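Enquirer: heads up, no residue letters with this:
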C-alpha cells in the first residue's frame, strides 16, 4: 500500500535528487506533480485577539467523515497551543467548527497546551481518508508539553477518543520521556497514527492495531514505532 506518508517521503527524496532504491524503475509521485499552488491560505490565524488561535495555526490533520472533510489543527495564543476543528465541503473553503481540545488548568499534563492529532484514518494514497471508528469511537493521539510556550520541555503522548469529533476523552499518557537507549532523552513529539491489522489466529478474523510513530527531540532524528492495541 502506498500511503500518504510514503508519498511525501518519496516526493521529498526525488525532489532532492536522491536516486530511487535499487530495483525501483518507476517514479510513483510523477503522476501527481503539478506547478500549481493555491494563492492564499485556506486557514489562517483568527482575527479575534482573544481566540485560542489568535497568534498562529499549525499541524493540519485532514480527513473525511460521511462525505464531508474535517481538519484537526492546533492554534497558538501566546501561552500554549490548543486544538480546533474545521470543516469543508471542497477542501478549499474552510469553516472553524469549535475548540475541541482546550487546555485544562487543573490537569497535570495539559495545563498549558493540548494537541489532538493523528486521527486514525484510511491513509492509502488513493483511499478516502475516512476516519475509522473502533468500538464506536474515533481514535486520535494527543500530546502536550509541561511548560508555557511552544513545545517547551519533554512531551507526553496519549490516546484520545470521541464519538462526535467535538468531545474528546483523554487517556493517561502511554509514552513519556524516552530513555537514551530508546533514542532520546528529550521527550516525545509528533505522534502519527496509521491503521494496520494483525491476525489473531489462522482465520480471517483480524483485530485493529494503532501504530504510533514517534519522533525524538534533543538533537536526534531517530524515531520509534509503538503498537498499541485499541
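Expert: Yes, it's here. Worth saying up front: this structure is predicted, and the values here are computed from it rather than measured.

Enquirer: what is the neighbour count of residue 151?
Expert: 17 (other Cβ atoms under 10 Å). Using the backbone N, CA and C atoms, a C-beta is placed for each residue, glycine as well.

Enquirer: cool, the one 10 residues further on as well?
Expert: Residue 161: 18 surrounding residues under other Cβ under 10 Å.

Enquirer: isn't it up against residue 169?
Expert: Yes. Counting by Cβ atoms under 8 Å, residue 161 does reach residue 169; the two are 5.3 Å apart.

Enquirer: what about residue 8, which SS state?
Expert: Here residue 8 is recorded as helix under DSSP: H, G, I helix; E, B strand; the rest coil.

Enquirer: any idea how many residues pack against it?
Expert: 12.

Enquirer: what pLDDT does it get?
Expert: As predicted, residue 8 sits at a pLDDT of 75.

Enquirer: what's near enough to touch it?
Expert: By Cβ atoms under 8 Å, 6 or more residues apart in numbering, no residues touch residue 8.

Enquirer: from residue 108, how far out is it?
Expert: The gap separating residue 8 from residue 108 is 34 Å, by Cβ to Cβ, to the nearest Å.

Enquirer: what of residue 92?
Expert: Separation of residue 92 from residue 108 (Cβ to Cβ) stands at 40 Å.

Enquirer: now the strands for this structure?
Expert: 56-65, 68-76, 81-88, 94-101, 115-117, 133-134, 137-144, 156-162, 169-170, 188-199, 206-216, 223-229 (DSSP state E).

Enquirer: can you give me the distance of residue 43 to residue 57?
Expert: Counting by Cβ to Cβ - residue 43 and residue 57 are separated by 6 Å.

Enquirer: repeat that for residue 71.
Expert: 10 Å.

Enquirer: same thing with residue 167?
Expert: 21 Å.

Enquirer: so which of those two has more stuff around it?
Expert: Neighbours per residue, other Cβ under 10 Å: of residue 167 and residue 57, the larger number sits with residue 57, 22 against 10.

Enquirer: dump the residue contacts of the more buried one.
Expert: Neighbour list for residue 57: 43, 44, 45, 73, 74, 75, 76, 84 [criterion: Cβ under 8 Å, 6+ apart].

Enquirer: give me the number of residues near the second one?
Expert: By that I understand residue 44. Per other Cβ under 10 Å, the neighbour tally for residue 44 reads 10.

Enquirer: between residue 161 and residue 169, what contacts are shared?
Expert: Overlap of the contact sets of residue 161 and residue 169 (by Cβ under 8 Å, 6+ apart) is empty.

Enquirer: pLDDT weak spots in the protein?
Expert: Scanning the chain for pLDDT under 70 picks out 1-2, 4, 19-25, 177-230.

Enquirer: geometric centre of it: which residue is closest?
Expert: Nearest to the mean C-alpha position of the chain, by Cα atoms, centre = their mean, lies residue 118 at 2.6 Å.

Enquirer: can you pull the phi and psi angles for that one?
Expert: phi 50, psi 50 (degrees, to the nearest 10).

Enquirer: wait, it sits on residue 140?
Expert: Yes. Shown here, residue 118 and residue 140 form a contact pair, counting by Cβ under 8 Å, at 6.0 Å.

Enquirer: and residue 103, what does it touch?
Expert: 79, 80, 82, 110, 111, 112, 113, 114.

Enquirer: so how far is residue 118 from the fourth one?
Expert: According to Cβ to Cβ, residue 110 stands 16 Å off from residue 118.

Enquirer: alright, that wraps it up for me.
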